[in-house]
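> Okay, here's the prediction I keep looking at, along with the sequence it came from:
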Amino acid sequence: MARSREQIEAALAAESTEPWPAQVVAALRALFASILVDPLVARATIVEGPTVGPAIIERYEGLATALSPLLARGRDAVPAAADLPPTLEDTLAGGVLWSAYQRLIVGSIEELPELLPETVAFVLRPYLGEAEAARWARSSMSS
């Protein structure tokens, strides 16, 4: 979990002068890459970890919401940000982790990179709208 967080933070630092959506793409790419580096550790962390007990559950929840502060910055891009649900960022971050979870439990983790554009669109859509989120999703394929 710490390694994934470090990789996300490094990716964000490298993109610190880029627009917010580019930072989201970089963070998602880093998260997926950290999972792909060692799928067995990822499975132990993401799939099995929450069953171990309270200490691990706290860490798991920390990983599950690690993207939330970054995503919350998207509220600056939304004219009606007050209308967005207060739990939106945690829900989106959890959805990203759920996608990885699903690939890990069925043994198709190699498909994770192919999900990057879909995941980018999923997390950016509430903030940027369908068309702009799709544009960033397409750009994530070439980065």
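Nice, I can see it.
> Show me the helices in this protein, by range?
For the chain, helices defined by DSSP state H occupy the ranges 2-14, 20-37, 39-42, 54-64, 68-72, 88-106, 116-128, 130-142.
> Just send these back as CSV, with mean neighbour count, distance to P79 and mean pLDDT too.
C-beta: built from backbone N, CA, C; applies to glycine. Below are these laid out as CSV (neighbours: other Cβ atoms under 10 Å; distance: least, Cβ to Cβ, whole Å; pLDDT from 0 to 100):
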stretch, mean neighbour count, distance to P79, mean pLDDT
helix 2-14, 15, 25, 77
helix 20-37, 21, 15, 90
helix 39-42, 16, 38, 69
helix 54-64, 14, 29, 70
helix 68-72, 17, 16, 93
helix 88-106, 18, 15, 86
helix 116-128, 21, 11, 95
helix 130-142, 15, 13, 93
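> Ok, which of those helices comes nearest V78?
helix 116-128 (5.2 Å; Cβ to Cβ).
> Only C-alpha atoms, please: export the closest one in CSV.
Extracted in CSV, the C-alpha atoms of helix 116-128 (Å, rounded to 0.1, in the frame of the first residue of the first chain):
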residue,chain,number,x,y,z
LEU,A,116,-7.2,3.0,-18.1
PRO,A,117,-9.2,5.0,-20.6
GLU,A,118,-12.5,3.7,-19.2
THR,A,119,-11.4,4.5,-15.7
VAL,A,120,-10.2,8.0,-16.7
ALA,A,121,-13.7,8.7,-18.2
PHE,A,122,-15.4,7.2,-15.1
VAL,A,123,-13.6,9.5,-12.6
LEU,A,124,-13.6,12.7,-14.7
ARG,A,125,-17.2,12.6,-16.0
PRO,A,126,-18.9,14.1,-12.9
TYR,A,127,-16.5,17.0,-13.1
LEU,A,128,-15.9,17.7,-16.7
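> Next, the angle helix 88-106 makes with that helix.
170 degrees (axes from the mean of the first three to the mean of the last three Cα atoms, to 10 degrees).
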